[in-house]
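>>> With the sequence up front, the predicted model follows.
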Amino acid sequence: MFLKAKKEISKIIAEATGLTQEEAFSSLEMPKGEFGDLACKAAFLLAPKEKKAPAQIAAELIPKLKKHKFVEKAEAMGPYINFFFTEKFYVDALKDIMKKGKSYGKGKKKGKAMVEFPSVNPNKPWHAGHLRNAILGDSVARVLAHSGWDVESIDYIDDLGLQVAQSLWGYMHLGNKPSGKFDHWLGAQYVEVAKRMETDQKVQAETRELLKRMEEGNNDISKKARWLAEECVKAQYATDFSYSIFHSGLIFESDIVHTIFHEGLDMVKENNAIVLEKEGKNAGCWVVKLGEKFQKMQDPDKILVRSDGTATYTGKDLIFQLWKLGKLKGKFKYKPFIKQPNGEEAFATGGTAPKPFGNSDMVVNVIGSEQIYPQEVIREVLLRLGYGKDAARYVHLAYEHVTLPDEKFSGRAGTWKGYTADELLEESVRRAKEKISKDVPESEKDKIGRAVGEAAIRYSFVRTTPEKKLIFKWEEALSLEGNSGPYLQYAYVRARKIMEKTEEKPSISAKYKFQPEEKKLIRELCAFPELVERSASAFRPHMLADYSYMLSELFSRFYNLCPVLKAEEDVRKTRLGIVKSFETVLGNSLTLLGMPLPEKM
RNA sequence: GGGCCCGUAGCGCAGCCUGGACAGCGCGGCAGCCUUCUAAGCUGUAGGUCGUGGGUUCAAAUCCCACCGGGCCCGCCA
């Protein structure tokens, strides 16, 4: 509704100024202070053409502006034209939000998008770093879905890597019985094997042999490795679920190798996107020649197939990405893998049933920024194959890694111990539970603690823009006050509580005179749909985190200044509408960030 | 040699895409507010050469160039 009004007003401005409607639209902004409800800076644009001072232009434009039903008055304030809305605008805005409810902010249908995350090796528990990837990916998937995309969240499971071979060796030879959570146990085996491999030639040789058998497939070792990987992923997904992170499908690398890899490689070869090197240091390899594009790089050519015929990581990834974009005939067969708490089954490759995964109009890969170059290589190959449109919608959502204050997380060295996603949540929940007021019954404390603890971590990870390094510190990750996840939940719970305390239905009075802090809050509620859109098209969920915080801040102010239940009838019913609208919009926003909405705190 | 990212208050961040009304927020500091819809809250206050230097512009944290500091990448590893 607000967006519609904005468009109508930009049309009026366009008529008065001779600007295009698009120019007029983008000259509109939400003013910061007490400068009305909508500000227009078109006078700046016109100043060079008309050779007059912007302030003079703004003043002269006022009488030329046609009336709009929501505009009470338009006045020039220096170079700005500030629009002040009628009370009717606020009435209609609240009605609109209440009518739309959960679908408020939902965008028009856009097509199919596949989001890949977090693709953790299936041989150890997730640590804080994997968690950042997963929270980012899950949030982006949620935001894209709300903005109108039909989203499939995919996880790539590298069950053919050296890491799994090492873990398998440990499983077979270290003689330890699995105990506790499987991923934690397996991770411990892996660290031990990795240590031994550095010095022990025998372990090295045996691990290599295991890896070879795994790659060959169809043998006892490969079956055992696959089983081990699946067990580990199931354990990792218990963590996944505890953070409300969900997937539609899991694609195992062993299935990529056996189902689509050769077809994909042949296609790339036939189209001359890659060449077989006859001489030089890459003799015998299939490479993408990138000397022209990346002229000054030390080694711009990228090997996709080694001289021994095996594929590199980028080689396999390229074929996988071609599958995502629907460029291959080969189809995976799926099996039900794990039932998720959101009620949906996640499917894994390696079964017997077809599924409509893939054929995506857009691909978003949540991968560390250290892989910018190989991802660029894949985009370049797409272009060379003539898939220009797909290349434009092939998105590498590059994020910076999480580190400890003094060291990096290393799977091999085991520096993740003490910082697994499970341990973070456990500690966060513990701290959250300590704060729950004494009158809440013990039976509910656990539920609330989980919701709050989870939100604290999700928020602290998602609120920073992805390209910023994140140094993990307990106090910051688990903050329960100020700009934190629980602050947002608290505002939500307070709104909810007001609604619960009365039987009365909200009803916006046409005669109501809105207070300034109410107007500010409602204006911000109106911004939600545009924000979803911007957040989706930039793949930046932190914009919604920022927005949710601002909204909660405005609500807290309203809460302190404007009594609801104690007010007179007209005021009360209208304010109930404000509370209800806030609850709706913040609820929608938090849901897009995967943050649970507690009933009380 | 080349490429990418980061640099905003003591600390942690938003704003940069699309230049414009006093650069916002949290933590920490200081001073207040609970017999009033939950104080995980609110109010006030102190704290800033927006890394540095140039340029473009009526106007630069925002765009361009150079430099400085930190991180990452250019592997027949993944």
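Here it is on my side, so go on.
>>> What segments of the stretch 301-450 of chain A are strands?
Secondary structure of the stretch 301-450 of chain A by DSSP state E, counting those that start in this stretch: the strands cover A:302-305, A:334-339, A:345-349, A:362-368, A:394-399, A:402-403.
>>> and the second one, what does it pack onto?
Using 3 or more CB pairs under 8 Å, 6 or more residues apart in numbering; DSSP states H and E as the contact criterion, the elements in contact with strand A:334-339 are helix A:220-242, strand A:345-349. C-beta: built from backbone N, CA, C; applies to glycine.
>>> Put the alpha carbons of that strand into CSV.
Taking Å, rounded to 0.1, in the frame of the first residue of the first chain, the C-alpha atoms of strand A:334-339 are listed here in CSV:
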residue,chain,number,x,y,z
TYR,A,334,16.7,-39.7,-4.3
LYS,A,335,15.8,-41.4,-1.0
PRO,A,336,14.2,-39.9,2.1
PHE,A,337,17.2,-39.0,4.2
ILE,A,338,15.9,-37.3,7.3
LYS,A,339,12.6,-35.9,8.6
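>>> Flag every buried residue along that strand.
The neighbour-count check on strand A:334-339 (16 or more other CB atoms under 10 Å) flags A:334, A:337, A:338 as buried.
>>> Does the second one touch residue A:353 like I think?
Yep, that's residue A:337 we're talking about. No. The criterion here is CB atoms under 8 Å, and residue A:337 misses it with residue A:353 at 11.7 Å.
>>> okay, and the common contacts of those two?
Taking CB atoms under 8 Å, 6 or more residues apart in numbering as the contact rule, residue A:337 and residue A:353 both touch residue A:347.
>>> same for the helix or strand containing residue A:91, what does it pack against?
Residue A:91 belongs to helix A:87-100 when assigned by DSSP states H and E. For helix A:87-100, the packing partners by 3+ CB pairs under 8 Å, 6+ apart come out as helix A:516-526, helix A:569-592.
>>> other SSEs contacting the last one?
In this structure, helix A:569-592 packs against helix A:87-100, helix A:128-146, helix A:485-500, helix A:516-526, helix A:528-538, helix A:542-561, with contacts taken as 3+ CB pairs under 8 Å, 6+ apart.
>>> Mind doing that once more with 7 Å?
Secondary-structure packing of helix A:569-592 (3 or more CB pairs under 7 Å, 6 or more residues apart in numbering; DSSP states H and E): helix A:87-100, helix A:128-146, helix A:485-500, helix A:516-526, helix A:542-561.
>>> can those helices go into a markdown table with extra columns for mean pLDDT, mean neighbour count and distance to RNA strand B?
Below are the helices and strands packed on helix A:569-592 laid out as a markdown table (pLDDT from 0 to 100; neighbours: other CB atoms under 10 Å; distance: least, CB to the nearest atom of the strand, whole Å):
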| stretch | mean pLDDT | mean neighbour count | distance to RNA strand B |
| --- | --- | --- | --- |
| helix A:87-100 | 96 | 19 | 17 |
| helix A:128-146 | 98 | 26 | 12 |
| helix A:485-500 | 96 | 21 | 3 |
| helix A:516-526 | 94 | 21 | 9 |
| helix A:542-561 | 96 | 20 | 4 |
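>>> Please produce TSV containing the ones you listed, extended by distance to residue A:238.
Shown next, in TSV, are those (distance: least, CB to CB, whole Å):
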stretch	distance to residue A:238
helix A:87-100	35
helix A:128-146	13
helix A:485-500	21
helix A:516-526	37
helix A:542-561	26
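>>> Lowest mean pLDDT among the helices and strands, pick that one out for chain A.
Lowest by mean pLDDT, DSSP states H and E among the helices and strands of chain A is helix A:42-50, with a mean of 88.
>>> RNA strand B: which of the helices and strands packed on strand A:334-339 is closest?
Smallest distance to RNA strand B across the helices and strands packed on strand A:334-339 (CB to the nearest atom of the strand): 12.5 Å, for helix A:220-242.
>>> chain center to the helix or strand following the closest one: distance?
Using DSSP H and E, the helix or strand that follows helix A:220-242 towards the C-terminus is strand A:249-252. Its chain's average C-alpha position is 19 Å from that of strand A:249-252, according to CA atoms, centre = their mean, to the nearest Å.
>>> ok, and what's touching the helix holding residue A:91?
With CB atoms under 7 Å, 6 or more residues apart in numbering as the test, helix A:87-100 has contacts from A:1-2, A:70, A:104, A:506, A:508, A:510, A:512-514, A:519, A:522, A:525-526, A:577-578, A:580-581, A:584-585.
>>> Stretch A:424-441 now?
By CB under 7 Å, 6+ apart, stretch A:424-441 touches A:128, A:242-243, A:445, A:448-450, A:452-454, A:456-457, A:477-478, A:480, A:486, A:600-601.
>>> Which of those fall within helices?
Those of the contacts of stretch A:424-441 mapping onto helices are A:128, A:242, A:445, A:448-450, A:452-454, A:456-457, A:477, A:486, per DSSP state H.
>>> Which residues of the stretch 251-400 of chain A lie near RNA strand B?
A:281-285, A:294-300, A:303, A:306-308, A:312-314, A:369-374, A:398, A:400 (CB under 7 Å from any atom of the strand).
>>> shouldn't residue A:557 be in contact with residue A:517?
Yes. If you go by CB atoms under 7 Å, residue A:557 and residue A:517 touch, sitting 5.3 Å apart.
>>> what sits in contact with each of the two?
Common contact partners of residue A:557 and residue A:517 (CB under 7 Å, 6+ apart): none.
>>> do you know how far residue A:266 is from residue A:313?
From residue A:266 across to residue A:313, the span is 19 Å (CB to CB, to the nearest Å).
>>> Counting neighbours, go ahead and name the busier of these two.
Higher neighbour count among residue A:266 and residue A:313: residue A:313, with 13 against 10, using other CB atoms under 10 Å.
>>> In terms of pLDDT, where does the more buried one sit?
We note a pLDDT of 94 for residue A:313 in this prediction.
>>> Grab the nearest non-local neighbour of it.
residue A:374 (7.6 Å; CB to CB, 6 or more residues apart in numbering).
>>> And residue A:570, by the same measure?
residue A:509 is the one closest to residue A:570 (CB to CB, 6+ apart), at 4.5 Å.
>>> tally of neighbours for that neighbour?
Using other CB under 10 Å, residue A:509 has 16 other residues around it.
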